[in-house]
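1. here is a sequence with its predicted model. Questions after.
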Amino acid sequence: MTGDGITGVPGWKDLRNRVKQRVDRLPQGLQAHINRVTGIARELAPHHGLDPELAALGMQAHDVARAIPGPELLSLAESLNLTVDPVQLHVPLLLHGPVGAELLRREDGLDDDSLYQAVYWHTTGHPSLDQLGKLVFLADKLDPQKLPRYPYQPHLRELALNDLDAALVEFYTREMVSLVRQGQLVHPAMLEARNALLAAAVPGPIEPG
Ligand SMILES: [Fe+2]
Ligand SMILES: [Fe+2]
């Protein structure tokens, strides 16, 4: 449970050290990204009743498998008994979240489900994400270096400070439109996550047009 913040995560001190060891072995550019988004997550956390240290641990953990090449991610996912869906089969880099979460669970004692899910789904999003998972997802997209990719970042940042769900709907909508326009695959978890947020926000049945 992470209701108590970072102190609610079993073995959090050891886990934080193990995550740090992994991050220290990553390429410099990736370390710089991780450190930038850790700062952003620390800043967002108090706006949503989250422990900044827990948010920081989520960010330090989120990309531990990001430097693993696609083919290796696929074989690792298989050997870790992770489900690989058809979209991930086509875009193996999407597996860096699931593989990272599972490596941390098996090798570094990540027992906390909230943290596990946050790392697992940080690329596509998922309907089951809790506050921590939503914050980790959004802080990752708010890296200033990603501005060319997400030019609406300033607006997203404003939304993320006030309402994580509104920020997620904004991101999912823009990202799905962009992926579709570019002829790329859209992971079903992103569509499901957007549907779940919209359905929760709009009471009653929506009449089809
Ligand atoms: Fe990532
Ligand atoms: Fe990232």
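-> Good, I have the coordinates. Ligands and ions are numbered 1, 2, ... in the order given.
2. gap between the nearest residue to Leu147 once chain neighbours are set aside and ligand 2?
-> Nearest residue to Leu147 in three dimensions, chain neighbours excluded: Gln153, at 5.2 Å (Cβ to Cβ, 6 or more residues apart in numbering). For every residue, glycine as well, the C-beta is placed using N, CA and C. From Gln153 over to ligand 2 the distance is 14 Å, taken as Cβ to the ion, to the nearest Å.
3. quick one, what contacts Gln153?
-> Residues in contact with Gln153, defined by Cβ atoms under 8 Å, 6 or more residues apart in numbering, are Lys141, Leu142, Pro144, Lys146, Leu147.
4. cool, and Thr83?
-> With Cβ under 8 Å, 6+ apart, Thr83 has no contacts at all.
5. this protein: helices as residue ranges?
-> 12-24, 28-44, 52-62, 70-79, 86-90, 96-108, 113-120, 131-141, 153-162, 164-181, 188-201 (DSSP state H).
6. quick one: low-confidence ranges for the protein?
-> Residues of the chain that meet the criterion pLDDT under 70 lie in 1-2, 206, 209.
7. can you list the residues of it near ligand 2?
-> Residues of the chain lying near ligand 2 by Cβ under 5 Å from the ion: Asp63, Asp140.
8. can you pull up the most central residue in the chain?
-> His122 (1.7 Å; Cα atoms, centre = their mean).
9. is it true that it touches Asp140?
-> Yes. Using Cβ atoms under 8 Å, His122 makes contact with Asp140 at a distance of 5.7 Å.
10. so for Ile6, which of the helices of the chain sits nearest?
-> Closest approach to Ile6 among the helices of the chain is made by helix 52-62 (4.2 Å; Cβ to Cβ).
11. other residues contacting that closest one?
-> Residues beyond helix 52-62 that count as contacts (Cβ under 8 Å, 6+ apart) turn out to be 2, 5-6, 9, 12, 15-16, 19-20, 23, 34, 37-38, 40-42, 44-46, 97, 100-101, 104, 110, 115, 118-119, 122, 132, 135-136, 139-140.
12. nearest residue to Leu76 other than its sequence neighbours?
-> Closest to Leu76 by Cβ to Cβ, 6+ apart is Val99, at 5.1 Å.
13. got the end-to-end distance for stretch 92-100?
-> 13 Å (Cα to Cα, to the nearest Å).
14. backbone dihedrals for Asp82, please?
-> Careful, residue 82 is Leu; it's not Asp. For Leu82, the backbone dihedrals (degrees, to the nearest 10) come out as phi -90, psi 150.
15. who's in contact with it?
-> Applying Cβ under 8 Å, 6+ apart, we find Leu82 in contact with Leu95, Pro98, Val99, Glu102.
16. give me the neighbour count for the first one.
-> Think Leu95. 26 (other Cβ atoms under 10 Å).
17. against ligand 2, how distant is the nearest residue to it once chain neighbours are set aside?
-> In this structure, Leu95 finds its nearest non-sequential neighbour in Leu73, 4.2 Å apart by Cβ to Cβ, 6+ apart. Distance, Leu73 to ligand 2, using Cβ to the ion: 15 Å.
18. so Leu73 sits against Val91, correct?
-> No. Counting by Cβ under 8 Å, Val91 is not a contact partner of Leu73; they are 10.1 Å apart.
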